[in-house]
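S.K.: model the structure of this input:
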Amino acid sequence: EGELAEAWQKNLEFEKRVKKMRAKAEGGDGEAMHWMGVGHTYGQGVAKDDAQARAWFERSAAARNPKGLASFGDCLLEGTGGPQDFALGLVNMTEAAYLGSDFGAYFLGDSFFEGLCGLPKDPVRARYWLK
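M.R.: As a prediction, this is how the structure comes out:
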């Protein structure tokens with residue numbers, strides 16, 4: 001009874017949080033949009049759905065949220081939840097990095113270091129983004 005009741009209570013609290021975050025996301029909050037995208041990516045509190053995750057990340061990116069820009073860029077680069085688009089993916093990752101996304105900066109640094117995604121091997125640029 002104790003463990004089951006505790007698990008049920010945690011589930012109810014998480015459902016309330018999902019409802020609250022969805023309302024914030026639908027109201028234009030870029031961070032909440034990113035949170036919803038992550039939920040759909042992993043199936044946490046909502047159905048696991050790559051297309052829905054990508055849609056939330058795209059909305060978050062449009063709101064200029066650094067995490068949303070990086071996550072949407074990753075979806076574009078990988079072709080997750082929709083068509084692959086290297087050019088737009090790199091644009092989103094770069095914008096994310098300039099706005100302070102660690103993921104975006106790491107991605108660019110690694111890509112320049114290894115010469116990935118059509119970028120040249122450039123240790124100077126790699127060091128800039130990885131610092």
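S.K.: any regions of this protein where pLDDT drops low?
M.R.: Counting by pLDDT under 70, the chain has low-confidence residues at 1.
S.K.: which helix runs longest in it?
M.R.: Identified as the longest helix of the chain according to DSSP state H is helix 2-26.
S.K.: and the contacts of that one?
M.R.: With CB atoms under 8 Å, 6 or more residues apart in numbering as the test, helix 2-26 has contacts from 32-33, 35-36, 39, 45-46, 56, 59. Glycine gets a C-beta too; all of them are placed from N, C-alpha and C.
S.K.: break down this structure into its helices, ranges please.
M.R.: Applying DSSP H to the chain gives helices spanning 2-26, 30-42, 50-62, 66-78, 86-98, 102-114, 123-130.
S.K.: mind listing what's buried along the longest one?
M.R.: So that's helix 2-26. For helix 2-26, a neighbour-count test (16 or more other CB atoms under 10 Å) marks 18, 21-22, 24-25 as buried.
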